[in-house]
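Q: Sequence and computational prediction follow.
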Amino acid sequence: MPLLLARVDDRLVHGQVAHGWGRALRPTLYLVVSDELADDPARGDLYLLAVPEDATGRCVSVREALAPETRALVERERAVMLFPGLDEPLRLVEGGFPISDLNVGGLHHAPGKAPVLPYVFLDEPDRERLRRLASLGVRVAARDLPSNPEHPLEELLPGSAS
């Protein structure tokens with residue numbers, strides 16, 4: 001089964017993901033890919049509390065996500081992959097993980113970041129990661145909920161091609 005959703009959202013598993021996307025996609029696995037949370041299981045477990053009862057959740061590092069057993073798990077399940085930022089999906093794609101579409105669902109205000117959409121704030125390193133993902137063949141678009149319009153990379157970064 002293909003990956004249902006690869007989503008960048010600095011809030012990871014929360015209401016929009018578990019209920020908004022969860023109801024639409026019916027995932028059986030929520031896989032949070034974050035080196036930081038994989039190194040801090042107690043903190044990672046806090047994010048997994050929002051995983052619906054009919055699904056399972058795991059926090060893994062980028063290295064673990066690239067392992068054949070994790071890739072096989074994603075292929076077996078109805079999987080949603082969640083990333084706290086743009087570094088993780090870029091490292092996965094560069095490592096050979098097949099992500100064809102990336103949803104930018106929430107990168108919120110932080111120092112040095114400028115608004116692109118009400119739920120997407122980017123700095124120059126973020127913009128460069130998005131351009132790099134697109135150059136690797138990943139279709140990048142922003143969308144907070146499945147019922148809302150999608151904003152392709154060209155809208156996020158005028159002059160870019162996805």
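A: Yes, it's here. Residues are numbered from 1 along each chain as shown.

Q: Can you show me the helices along the protein?
A: For the chain, the helices defined by DSSP state H cover 15, 22-25, 35-38, 41-48, 62-66, 68-76, 87-94, 124-135, 153-156.

Q: So for residue 56, which of those sits nearest?
A: Proximity to residue 56 (CB to CB) singles out helix 41-48 among the helices of the chain, at 8.7 Å. Bear in mind the C-beta positions are built from the backbone N, C-alpha and C, glycine included.

Q: any idea of the mean pLDDT for that closest one?
A: Mean pLDDT, helix 41-48: 94.

Q: In contact with residue 73, which residues are there?
A: Residues in contact with residue 73 (CB atoms under 8 Å, 6 or more residues apart in numbering) are 29, 31, 79.

Q: what's the closest of the residues you listed to residue 129?
A: The closest of the contacts of residue 73 to residue 129 turns out to be residue 31 (CB to CB; 19.8 Å).

Q: residues contacting the closest one?
A: Counting by CB under 8 Å, 6+ apart, residue 31 makes contact with 57, 58, 60, 65, 70, 73, 74, 79, 80, 81, 82.

Q: 6 Å - rerun?
A: Contacts for residue 31 (CB atoms under 6 Å, 6 or more residues apart in numbering) come out as 58, 79, 81.

Q: Make a markdown table from those residues and add distance to residue 16, pLDDT and neighbour count to it.
A: Converted to a markdown table, the contacts of residue 31 look like this (distance: CB to CB, whole Å; pLDDT from 0 to 100; neighbours: other CB atoms under 10 Å):
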| residue | distance to residue 16 | pLDDT | neighbour count |
| --- | --- | --- | --- |
| 58 | 20 | 97 | 17 |
| 79 | 18 | 97 | 22 |
| 81 | 15 | 98 | 26 |
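
Q: Surely residue 55 touches residue 23?
A: No: if you go by CB atoms under 6 Å, residue 55 and residue 23 don't touch, sitting 11.7 Å apart.

Q: The two: which has the busier surroundings?
A: The neighbour count for residue 55 versus residue 23, taken as other CB atoms under 10 Å, is higher for residue 55 (18 against 10).

Q: what's the distance between that one and residue 27?
A: Distance, residue 55 to residue 27, using CB to CB, to the nearest Å: 6 Å.

Q: Likewise for residue 60?
A: Residue 60 is 16 Å from residue 27, by CB to CB.
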